[in-house]
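# kindly return the folded structure for what I paste below:
(chains A and B)
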Amino acid sequence: MDFTSDISCIEQVLQGKVNAFSYLVDRHKDKAFNLAFRICGNREEAEEIAQDAFVKAYRSLKDFKMKSSFATWLYRIVYNTAISLVRSRRKGVLALEEFPADTVDFLSFNKNEDEAIDDYRNSLVNFALQKISEEERGLITLYYYNDLDTEEISKITGINKPNIKVKLFRARQRISEIIKKVENKNIFYHE
Amino acid sequence: MNKQDQYDEDLLRKFINPERIEKAPEGFTSKTLTRIQIENQSENVKNGFLIKNRVPLISAAITISLTIAAIIVPANETGSIGSAIWKYFQSIKFTLPGLKDTYFQNLNIPSWISFAIIGIFLLGFFDRALYGIFHKENNP
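All right, here's what the predicted structure looks like:
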């Protein structure tokens, strides 16, 4: 069986071979999970969202017109599911006020400095992402982590291209401010 | 892109490592596939011909039996199965009080009205019962 491309997998699934869908899940699970996680900020919820998205995608596979890539289509489901979930539980979100001091002490736990810096940056980005809106989190993730252009992001989010540029610009500004603030406080780290 | 935006862009590119994505937990694929298979099975049961078309099937069954009954029960014939059934129904001693001048003075209400009212009550009862059964199944 040919599972080299998403389209061939989809064709196999549509012929009744459910297991062919596992190739699609394997191929896209990490980026789908990452998108859900960056938007909702919780691993358990992100897993639930990503799973829901795959199940929804499977159920609607026969309606998939192949006008966009399977990834774009899947990310749209993940994005919408995650945004709805965050909006429904907005009152319960507890964003950290300060970047926790213990999370910056990575150098003592890691073997090499590169890993420590990578961990530190990742935590700081996660912290900053929690300070912006769920929509902006989604845009930043799709742009920087999933490496998509504004055209693709527009298809996923349903926001028009100029608006995406404006929102990305603002989100970038906010994250940059937060990073600079934390960096100025924690003088232990210098490149 | 102005200077400040370029600076922000560079800073984010420095801090965000696309390789450093949060990976799906162990067993994610198998869990997802299991969920799909379970949902598929319950979907197949739900989509079974009899289950899916139960309401029109019950309606059709009732309509057909009533039509057959109407055909096989002749008006004044004797000797057939239809007339036997008809006779049986006729033999049931079932009377309803005539409403004419009994409860409502000066009102001339035909006696079939009482049958119609009882019929409406019975249909209402069946309607509620069927609604209860199907509604319960649709919303567990």
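# helices along chain A, start to end?
A:6-14, A:20-40, A:43-59, A:70-88, A:113-129, A:134-140, A:150-157, A:161-185 (DSSP state H).
# and the host helix or strand of B:N44, what does it pack onto?
For B:N44, the host element (DSSP states H and E) is helix B:28-46. For helix B:28-46, the elements it packs on are helix A:20-40, helix A:43-59, judged by 3 or more C-beta pairs under 8 Å, 6 or more residues apart in numbering or on different chains; DSSP states H and E. In this view, the C-beta of every residue, glycine as well, is placed from N, C-alpha and C.
# separation between the residue nearest in space to the middle of chain A and A:A71?
Against the mean C-alpha coordinate of chain A, by C-alpha atoms, centre = their mean, the closest residue is A:L35 at 1.7 Å. According to C-beta to C-beta, to the nearest Å, A:L35 and A:A71 sit 10 Å apart.
# next: A:T157.
14 Å.
# ok, now A:C9?
Distance from A:C9 to A:A71, by C-beta to C-beta: 12 Å.
# of the two, who's got more company?
A:C9 (24 against 18; other C-beta atoms under 10 Å in any protein chain shown).
# is the more buried one in contact with A:D26, as I believe?
No - contact between A:C9 and A:D26 fails when scored by C-beta atoms under 8 Å: they sit 9.9 Å apart.
# residues contacting the residue nearest to A:V25 when sequence neighbours are not counted?
Excluding its sequence neighbours, the residue lying closest to A:V25 (C-beta to C-beta, 6 or more residues apart in numbering or on different chains) is B:T29, at 4.6 Å. With contact set as C-beta atoms under 8 Å, 6 or more residues apart in numbering or on different chains, B:T29 has these partners: A:22, A:25-26, A:29.
# mind giving me the PyMOL select for those residues, buried ones only?
Buried subset of the contacts of B:T29, written as a PyMOL selection, criterion 16 or more other C-beta atoms under 10 Å in any protein chain shown:
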select buried, chain A and resi 22+25+29
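# and the contacts of B:T29 as TSV, adding pLDDT?
Compiled in TSV, these are given as follows (pLDDT from 0 to 100):
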residue	pLDDT
A:S22	91
A:V25	94
A:D26	93
A:K29	94
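# what's the most distant pair in the contacts of B:T29?
A:S22 and A:K29 (10.0 Å; C-beta to C-beta).
# and chain A, what are its domains?
Domain segmentation of chain A under automatic domain parsing yields A:6-91, A:94-185.
# list the contacts of A:Y79.
A:35, A:39, A:138, A:142, A:156-157.
# may I have the predicted confidence score for it?
A:Y79 carries a pLDDT value of 95.
# and residue 69, how many residues sit next to it?
Because you didn't say which chain, this covers chain A. A:S69, neighbours per other C-beta under 10 Å, totals 13.
# oops, I was thinking of chain B
Neighbours of B:A69 using other C-beta under 10 Å come to 12.
# per-residue pLDDT, it?
71.
# need the three-state assignment for it.
With DSSP: H, G, I helix; E, B strand; the rest coil as the basis, B:A69 sits in helix.
# thinking again about what came up before, minimum distance to A:S176: which of the helices and strands packed on helix B:28-46 has it?
Nearest to A:S176, of the helices and strands packed on helix B:28-46 and by C-beta to C-beta, is helix A:20-40 at 16.9 Å.
# packing partners of the closest one?
Using 3+ C-beta pairs under 8 Å, 6+ apart, helix A:20-40 is in contact with helix A:6-14, helix A:43-59, helix A:70-88, helix A:134-140, helix B:28-46.
# quick revisit: quick one: pLDDT of the residue nearest to A:V25?
92.
# hang on, the earlier thing: hmm, which two among the contacts of A:Y79 are most spread apart?
A:I39 and A:I156 (12.0 Å).
# those two: who's more crowded?
With neighbours defined as other C-beta under 10 Å, A:I39 and A:I156 compare such that A:I39 has more, 29 against 25.
# if I look at that one, how far off is A:L74?
For A:I39, the distance to A:L74 - C-beta to C-beta - is 14 Å.
# same question, A:K180
35 Å.
# likewise for B:I133?
Plainly put, B:I133 is 39 Å away from A:L74 if you go by C-beta to C-beta.
# now the angle from the longest helix along chain B to helix B:28-46?
Counting residues, the longest helix found in chain B (DSSP H) is helix B:112-138. Helix B:112-138 and helix B:28-46 are oriented at 160 degrees to each other (axes from the mean of the first three to the mean of the last three C-alpha atoms, to 10 degrees).
# residues contacting residue 7?
Defaulting to chain A. Here A:I7 is in contact with A:66, A:70 (C-beta under 8 Å, 6+ apart).
# wait, chain B was what I had in mind.
A:S176.
# state the helix or strand in which it lies.
B:Y7 belongs to helix B:3-15, assigned by DSSP H and E.
# okay, that helix in PDB with CA atoms only?
This file holds the C-alpha atoms of helix B:3-15, laid out as PDB (Å, rounded to 0.1, in the frame of the first residue of the first chain):
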ATOM      1  CA  LYS B   3      13.200  48.800  12.600                       C
ATOM      2  CA  GLN B   4      11.400  48.000  15.800                       C
ATOM      3  CA  ASP B   5       9.300  45.300  14.100                       C
ATOM      4  CA  GLN B   6      12.400  43.800  12.600                       C
ATOM      5  CA  TYR B   7      14.000  43.700  16.000                       C
ATOM      6  CA  ASP B   8      10.900  42.000  17.500                       C
ATOM      7  CA  GLU B   9      10.900  39.600  14.600                       C
ATOM      8  CA  ASP B  10      14.500  38.700  15.200                       C
ATOM      9  CA  LEU B  11      14.100  38.300  18.900                       C
ATOM     10  CA  LEU B  12      11.200  35.900  18.400                       C
ATOM     11  CA  ARG B  13      13.100  34.000  15.800                       C
ATOM     12  CA  LYS B  14      15.900  33.700  18.400                       C
ATOM     13  CA  PHE B  15      13.600  32.600  21.100                       C
END
